[in-house]
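J.: Need a 3D model of the following:
(one chain, ligands or ions: 1)
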Amino acid sequence: MKIALFSTKSYDREYFDRYGQDYPHEITYFDNRLTSQSVPLAEGFRAVCAFVNDSLDAEVIEKLSALGVELLVLRCAGYNHVDLDAAKKAKMAIVRVPAYSPHAVAEHAVALILTLNRKTHKAYNRVREGNFSLDRLDGFDLYQKTIGVIGTGKIGQVFCKIMQGFGCKVLAYDPFPNKELIAQGIVYSSMEELLKTSDIVSLHCPLTPENYHLIQADTLDKMKEGVMIINSSRGALIDTKAIIKALKSRKVGYLGIDVYEQEADFFFQDHSETIITDDTLMRLMSFPNVLITSHQGFFTDEALAQIAITSLENLTAFEKGEFIEENTVLRA
Ligand code: NAI
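T.: Model (predicted):
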């Protein structure tokens with residue numbers, strides 16, 4: 001099947017080319033983000049492959065449908081950026097990669113914690129400049145600290161187990177507690193209790209209308225002084241303006257984010273030679289106790305391979321008039 005792959009980076013091409021050899025699909029790569037301006041590029045394709053920051057609002061979906069696109073192949077797990085009502089109306093099928101490597105994202109969340117705590121990013125730069133002083137590089141033992149995990153799905157589960165390995169007390173909140181985790185000593189609590197007692201709060205739930213700004217002024221108020229907050233899920237789970245206030249008042253002691261509310265304008269692109277006009281992002285970047293990575297939680301060899309293979313399998317199934325149940329968001 002002919003497929004147009006949007007927001008192509010060198011690594012997408014590398015992995016889709018490598019695994020695509022085993023499939024009869026013809027992939028055309030476009031560097032462009034999918035937006036209402038770039039949508040005409042999809043003419044002549046039955047399927048379009050999109051990533052997390054492609055625009056999939058009603059306007060884009062209607063235009064894709066008018067061009068004859070029947071299938072949207074998301075090469076990501078989340079589909080909060082897709083207007084599902086518009087897709088239903090347009091009779092567009094949607095498939096995704098529900099799990100490519102929960103380990104990749106969970107391990108990245110741990111990397112954010114360790115870096116923020118032990119300041120290895122600062123130590124690296126200091127030592128390279130011949131500065132071997134330890135001043136202000138002090139951290140804290142993770143051992144016996146309380147880690148609050150919000151969302152214990154595929155990624156949250158892996159994260160809980162890693163943190164248990166550090167000797168932490170792991171408290172979890174999820175409307176659907178996981179029995180296997182309970183058997184392993186993870187304690188489920190109310191959200192209130194988790195916020196009140198956790199030294200580190202890590203977000204592993206999806207962005208849904210109910211979870212929008214889950215962390216805002218009220219929830220921040222309930223947390224411990226100096227709490228560390230980690231978000232490797234979706235930017236809009238956190239009210240950025242409220243967290244900046246909490247960082248300024250020192251209520252939040254550390255913030256590690258792999259995602260940001262307005263990331264679509266910046267992440268995955270080199271802006272080093274341009275003027276960044278997002279003052280909120282620039283304010284966040286100015287704090288010494290804030291660590292930002294640009295949505296790289298998924299970025300491991302294993303995950304990229306799985307993303308390519310699952311997307312190609314999704315295409316093959318669709319061509320045969322079939323759907324792989326667990327990968328399907330919408331049937332046409
Ligand atoms: P999952 O669907 O397996 O698990 C999500 C869990 O969150 C479920 O158990 C659900 O019951 C729970 N949940 C929903 N609302 C909640 C709430 N208000 N409070 C507590 N728990 C709640 O999803 P998975 O695979 O673990 O992924 C989690 C999120 O990670 C994704 O939705 C996505 O946003 C993000 N992600 C980030 C990546 C990155 O590169 N940084 C890559 C992949 C996913």
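
J.: end-to-end on stretch 94-106?
T.: For stretch 94-106, the first-to-last residue distance is 26 Å (CA to CA, to the nearest Å).

J.: Now do that stretch: distance to the chain's middle.
T.: Distance of stretch 94-106 from the chain centroid (CA atoms, centre = their mean, to the nearest Å) equals 10 Å.

J.: In stretch 182-193, which residues are buried?
T.: By neighbour count on 16 or more other CB atoms under 10 Å, the buried set for stretch 182-193 is 186, 188. For the C-beta atoms, the positions are set from N, CA and C on the backbone; glycine is no exception.

J.: mean confidence for that stretch?
T.: Average pLDDT, stretch 182-193: 97.

J.: which other residues reach that stretch?
T.: 149-150, 152, 160-161, 164, 169-174, 177-178, 197, 219, 222 (CB atoms under 8 Å, 6 or more residues apart in numbering).

J.: near the ligand, which of these show up?
T.: Among these, the residues within reach of the ligand (CB under 6 Å from any ligand atom) are 150, 152, 173-174.

J.: From the contacts of stretch 182-193, list just the buried residues.
T.: Here, 16+ other CB under 10 Å leaves 149-150, 152, 160, 164, 169-174, 178, 219 buried among the contacts of stretch 182-193.

J.: Closest to R75 out of those?
T.: T152 (24.8 Å; CB to CB).

J.: wait, what's in contact with the residue of the chain found nearest the ligand?
T.: For the chain, the residue closest to the ligand is G153, as judged by CB to the nearest ligand atom, at 1.6 Å. By CB under 8 Å, 6+ apart, G153 lies in contact with 174, 204-206.

J.: State the pair within those residues that is farthest apart.
T.: That would be D174 and P206, which, of the contacts of G153, are the farthest apart (CB to CB) at 11.4 Å.

J.: what residues are shared contacts of the two?
T.: What both D174 and P206 touch, as defined by CB under 8 Å, 6+ apart, is the set 151, 153.

J.: coming back round to it: out of the ones next to the ligand among the contacts of stretch 182-193, who's nearest D57?
T.: For those, the nearest to D57 is I150 (27.5 Å; CB to CB).

J.: For the closest one, give me the backbone phi and psi.
T.: With angles defined as degrees, to the nearest 10, I150 shows backbone torsions of phi -100, psi 110.

J.: give me the beta-bridge partners of it?
T.: Y173, L203 (DSSP bridges).

J.: got a pLDDT number for G297?
T.: pLDDT, G297: 96.

J.: who are the neighbours in contact with it?
T.: G297 touches 104-105, 108-109, 232, 258, counting by CB under 8 Å, 6+ apart.

J.: repeat that for 7 Å
T.: By CB atoms under 7 Å, 6 or more residues apart in numbering, the contact list for G297 reads 104-105, 108, 232, 258.

J.: Same question for H103.
T.: V158.

J.: host element of it?
T.: Assigned by DSSP states H and E, H103 belongs to helix 102-118.

J.: For my notes, confirm V73 occurs in a strand.
T.: Yes. With DSSP: H, G, I helix; E, B strand; the rest coil as the criterion, V73 is located in a strand.

J.: picking that back up, need the buried ones among the contacts of stretch 182-193 in a markdown table with pLDDT and distance to L134, can you?
T.: Output for these, formatted as a markdown table (pLDDT from 0 to 100; distance: CB to CB, whole Å):
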| residue | pLDDT | distance to L134 |
| --- | --- | --- |
| V149 | 98 | 31 |
| I150 | 98 | 34 |
| T152 | 98 | 37 |
| C160 | 98 | 32 |
| Q164 | 98 | 30 |
| K169 | 98 | 28 |
| V170 | 98 | 30 |
| L171 | 98 | 32 |
| A172 | 98 | 35 |
| Y173 | 98 | 37 |
| D174 | 98 | 39 |
| N178 | 97 | 41 |
| T219 | 98 | 35 |
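
J.: Which residue ranges of the stretch 151-300 of the chain form strands?
T.: Listed in chain order, the strands of the stretch 151-300 of the chain (DSSP state E, counting those that start in this stretch) span 169-173, 187-188, 200-203, 227-231, 252-257, 290-292.
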